[in-house]
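**Student:** got a predicted model here, sequence first, then my questions.
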Amino acid sequence: MNLFAPGAHAPRRGFVLLVTLALLSLLSMLAILFVRRTQSEQTVSRCYLERVRARMLAEAGLERAIAGVRAMEMQQAWLDPRDDWSYKELYTRLEFPPADFPALPGLRAPGTPPKALEDAVYVSYYDPAHVKVDARGVRRGYSGAVGGTHERDGDTYSLKILDCASQLNVNNFDLPAVGALPAHPGNAALFRMLDGLGQALGEPNLGSQTILNHILARRRLG
C-alpha cells in the first residue's frame, strides 16, 4: 500500500479544513459579542454621566437662585419685578417699555401668550450675552453655565423665579358641588378683594362671580 499516493490524506485534510472554519466562525462570533458588549457598556456609562451632570446642573441653578434671592433680601425689604431675579418673559412691552428698559427690546406684545421656559429669552438673571440659538433656530436665554464640558458655552441652565406672595390663587373659591365634584370651601377675603378691585376699576367683569363662572365652566369641560 502506497501511503504517499496522491489523494491518500484528502479526507483528513477536508476534516481539518471544516474544523478550522468552525473555530474561525466561533472566534468571530465571540469577537462580535465582545465589541457589542463594550459598546453597550460605553452607552450605559455615557447615559449615567449625562444624568449625573444634569442633576448637578439643576442643583447649581437652584443654589444660584437661592443665593441671589437671599442677597436681594439683604439690600431691600421687598421683591421688585425690575430686579435681575425676575422672570420677565411673563411681562409685556407695556409693563417694561423699551424706553425705560433698552436691554429688553423683544418683550411680547399685549395679548400674546408668554413662551415656555424651554423657549424663553428673558429668564431670571437675564444677560444679553447669555442668548444662543438652538438646533431649531429658536433664540433661548439662559441664567448661567457650568464650564468644563463638551458644550461650547458649557452646560447652561435657565431659571424661572416667581414671587408667589404677590399672586392670587383664583382656584380658592367657595365652589358648590358640581356633578361628581364635591363642594370646596374657599377664601371669603378673596371674594371681597376681587369685588372691590372690580368696583375701583369700574370693571364689572372683574368680579369674583365672573371668575367663579369661568372656573366652573373649565371644570365641567375637564
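**Tutor:** Nice, I can see it. Numbers count the residues shown, from 1 in each chain.
**Student:** I'd say residue 91 and residue 107 touch.
**Tutor:** Yes: with contact defined as C-beta atoms under 8 Å, residue 91 reaches residue 107; the gap is 6.2 Å. In short, each C-beta sits where N, CA and C put it, glycine included.
**Student:** more neighbours: which of the two?
**Tutor:** Neighbour totals were compared for residue 91 and residue 107, and residue 107 leads with 22 against 19 (other C-beta atoms under 10 Å).
**Student:** immediately after the longest helix along the chain, which helix or strand?
**Tutor:** Longest helix of the chain, by residue count under DSSP state H: helix 10-75. Sequence order places strand 131-133 as the next helix or strand after helix 10-75, per DSSP states H and E.
**Student:** so for the protein, the centremost residue is which one?
**Tutor:** Centroid-nearest residue in the chain, with C-alpha atoms, centre = their mean: residue 118, separated by 5.7 Å.
**Student:** what distance do you get for it to residue 164?
**Tutor:** The spacing between residue 118 and residue 164, counted by C-beta to C-beta, to the nearest Å, is 21 Å.
**Student:** just residue 128 next, same as before
**Tutor:** From residue 128 over to residue 164 (counting by C-beta to C-beta), the distance is 28 Å.
**Student:** pick out whichever of the two has more residues nearby.
**Tutor:** Higher neighbour count among residue 128 and residue 164: residue 128, with 10 against 7, using other C-beta under 10 Å.
**Student:** how about the nearest residue to the more buried one, chain neighbours excluded?
**Tutor:** In space, and not counting its chain neighbours, residue 128 is closest to residue 103: 6.1 Å by C-beta to C-beta, 6 or more residues apart in numbering.
**Student:** need the per-residue pLDDT for the one you found.
**Tutor:** For residue 103, the pLDDT comes out at 84.
**Student:** which stretches of this structure have low pLDDT?
**Tutor:** 1-15, 148-153, 168-190, 204-209, 211-222 (pLDDT under 70).
**Student:** ok, back up a step: which strands and helices sit next to the longest helix of the chain?
**Tutor:** strand 144-146, strand 155-157 (3 or more C-beta pairs under 8 Å, 6 or more residues apart in numbering; DSSP states H and E).
**Student:** what does the first one contact?
**Tutor:** In this case it means strand 144-146. With contacts defined as C-beta atoms under 8 Å, 6 or more residues apart in numbering, strand 144-146 is touched by 56-57, 60-61, 64, 125, 130, 153-157, 159.
**Student:** now the residues you listed: which count as buried?
**Tutor:** Neighbour-count burial (16 or more other C-beta atoms under 10 Å) applied to these gives 57, 61, 64, 125, 130, 155-157, 159.
**Student:** specify which member of the residues you listed is nearest to residue 33.
**Tutor:** Nearest to residue 33 among the buried ones among the contacts of strand 144-146: residue 155, at 35.1 Å, using C-beta to C-beta.
**Student:** report the distance from the longest helix of the chain to the chain centre.
**Tutor:** 25 Å (C-alpha atoms, centre = their mean, to the nearest Å).
**Student:** alpha carbons only: can I get stretch 56-64 in CSV?
**Tutor:** Taking Å, rounded to 0.1, in the frame of the first residue of the first chain, the C-alpha atoms of stretch 56-64 are listed here in CSV:
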residue,chain,number,x,y,z
MET,A,56,-25.6,68.6,39.3
LEU,A,57,-26.5,71.4,36.8
ALA,A,58,-30.1,71.6,38.2
GLU,A,59,-28.7,71.8,41.8
ALA,A,60,-26.3,74.5,40.7
GLY,A,61,-29.2,76.5,39.3
LEU,A,62,-31.3,76.1,42.4
GLU,A,63,-28.4,77.2,44.6
ARG,A,64,-27.8,80.2,42.3
